[in-house]
Structure formats: structure tokens, C-alpha cells
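> Below is the sequence, then the predicted model.
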Amino acid sequence: MTALLAVVGLHVAYGDERVLKGIDLQLAGGEFVALIGPNGSGKTTLLHALAGMVQLAAGSVCIGGNDLARSPLDAKSVLGLAVDPPSLPVLLTGRECLALFAGARGLPAIPPPTFALAEILSLTSVLDRRVASYSLGMRQKLGILLGLLGEPPLLLLDEPFNGLDPRSALAFKAHLAAMVERGDSSVLLATHSLDIAERHATRIVLLMDGMVRRVWDAVELAAMREDPRQSLEKAMADVCDT
């Protein structure tokens, strides 16, 4: 079976600085993979590379069987990247942003599941206000809606819970878990929240210095959750100390 995401020997450099140094990573359908690691480890750069936002120095990325370099439009059509709040078009309303992105995805209208998620995130009441008037939390919610628009098979999320109120964060976690459980989407989540990774991920990848240092699979995570003496925080600290 073809992997939903296949990354082989991925290198990314900014000038003379190598940020990613030979990343190998695969995601299958129905996986919830968390990317963890200290600041500067390359998590955001990896997500941007997968979305075609930065140039690859070496290696390959295939999404849904489409090579990102050779068939970028086909590859990008399979994924959704939550929009970073500072990148939102502030002169548009939330609804106009959703309509614009829906059109870019070839959708005839904003899909009903998007409005349902807006209701879950308590954003419905402000959709007709300009984004310039939004708080950070509102912008974060809109960025999430834009990334999940059309429920693409692969979701790339970079610290999506930052700025969310506890109620919305809890609702969004449940929404993501349900999508993965139904097999609608796979998730690649970059986060510093080890509790979210430990509780919800089916696999956890630790990046350090632009390289994959450790991977915890589903069996290891299940054992970690069952044993109160174990935790992802301790496991990560042990790897960092070696």
C-alpha cells in the first residue's frame, strides 16, 4: 500500500545553515503523529517543506503518491495546512476568507462540516466581522478552519492549540481524534505540549538538531499510558541526556 506521506532523505538549508539533515518519515492513513522537540529543532521547517513553502536542498516528498517536486498541485491537493494567524488577510471577514480558500480548493461553496467546526470552536458569531478585529484566539480558530477546509486526507498542524481557550482546545482535540478514528484524515502535529502528544498520538517523532532522534510507536505509547512511572516527558529527557 502506498504511504499517504513518504519523506526520504529530506534536507533543507537557509543559506549556509542546514536546518533539516536527512529526515525520513512515513505516515499511513488513520495515523495521528506528533512532532516534538526543543525550539529550533526543525518542526516548523519540516511542515513548511511538506507544504511546498520552502525549497528542498535534497531528498523527496510524496503525498498521496504524488511527488511534491514533479506534481506540486496534485500533492498539495491532498493536504491541509492550518494558516498561521499573522498570515491571515485582515481586511477580509472570516466568512470571506473561508469562501476564498474554498474556491482555491475547487469547492463550490464553504462545506457544511466547516460551519459545524466553526460552531464547535465558538467562532460562528464573528464570521462576518473583519479578521483585523479578531483576537489571537479567534485568528487561531480561523486558521484551523482554513487548514481543515474540505477535510483533506493529510492535516499539517503547527502548535494549533496556542491561544485557544480551554473549552475550544478540548473540543478541537476531540474533533481531530474523531477524524482520525473514522479514517477521514491523518494528522501530523508539531507541538510542545507533551501531554497532548502522549494522550492522542498513535506515534511520536522526536526531532533534535534537524534530525529524527527517536520514534515511539503505538505499542510503546500504550505501555507508557498504562504505567504511572513512565511519561513522555521522562522518555524525552532520557533521550536528550544521551
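Perfect, I can see it now.
> State the distance from Leu100 to Leu20.
Leu100 sits at a distance of 31 Å from Leu20 (criterion: Cβ to Cβ, to the nearest Å). Bear in mind the C-beta positions are built from the backbone N, C-alpha and C, glycine included.
> When those two are compared, which one has more neighbours?
Taking neighbours as other Cβ atoms under 10 Å, Leu100 and Leu20 compare with Leu20 leading, 26 against 14.
> Pretty sure Leu107 sits against Gly150.
Yes: with contact defined as Cβ atoms under 8 Å, Leu107 counts as touching Gly150 (5.7 Å).
> so which strand or helix has Arg229?
Taking DSSP states H and E as the definition, one finds Arg229 inside no helix or strand.
> Now for it, how many residues are close by?
Using other Cβ under 10 Å, Arg229 is surrounded by 6 other residues.
> and it, how far is that from Leu79?
Distance of Arg229 to Leu79, computed by Cβ to Cβ: 38 Å.
> what about the helices in this structure?
According to DSSP state H, the chain carries its helices in the segments 43-50, 72-76, 94-104, 112-120, 136-148, 166-182, 194-200, 218-226, 232-240.
> Quick one: mean pLDDT over the second one.
For helix 72-76, mean pLDDT rounds to 94.
> One more: the third one?
Helix 94-104 shows a mean pLDDT of 96 in the predicted model.
> same deal with the first one?
For helix 43-50, mean pLDDT rounds to 96.
> likewise the longest one?
Summarised as a single mean, pLDDT over helix 166-182 is 91.
> what's the spacing between Gly163 and Leu121?
Gly163 is 12 Å from Leu121, by Cβ to Cβ.
> Look at the two and report which has more neighbours.
Leu121 (23 against 17).
> contacting residues around the residue nearest to the more buried one when sequence neighbours are not counted?
Distances taken as Cβ to Cβ, 6 or more residues apart in numbering put Lys141 closest to Leu121, at 4.5 Å, once the chain neighbours are dropped. Taking Cβ atoms under 8 Å, 6 or more residues apart in numbering as the criterion, Lys141 is in contact with Ala118, Leu121, Ser122, Leu123, Leu164, Ser168.
> close enough to count as contact, the last one and Leu121?
Yes: counting by Cβ under 8 Å, a contact exists between Ser168 and Leu121, whose distance comes to 5.0 Å.
> Hmm, Leu56 and Pro10 touching each other?
You called it Pro, but residue 10 is Leu. Yes: counting by Cβ under 8 Å, Leu10 touches Leu56, with 6.5 Å between them.
> which neighbours do the two share?
Joint contacts of Leu10 and Leu56 (Cβ under 8 Å, 6+ apart) are Ala49.
> neighbour count winner among these two?
Leu10 (23 against 18).
> That one and Val187, how far apart?
Counting by Cβ to Cβ, the gap between Leu10 and Val187 amounts to 19 Å.
> how about low-confidence regions in the chain?
The chain contains residues with pLDDT under 70 at 1-2.
> And the residue nearest the centre of it?
With distances taken as Cα atoms, centre = their mean, the residue of the chain nearest its centroid is Leu157 (1.9 Å).
> Much appreciated, bye for now.
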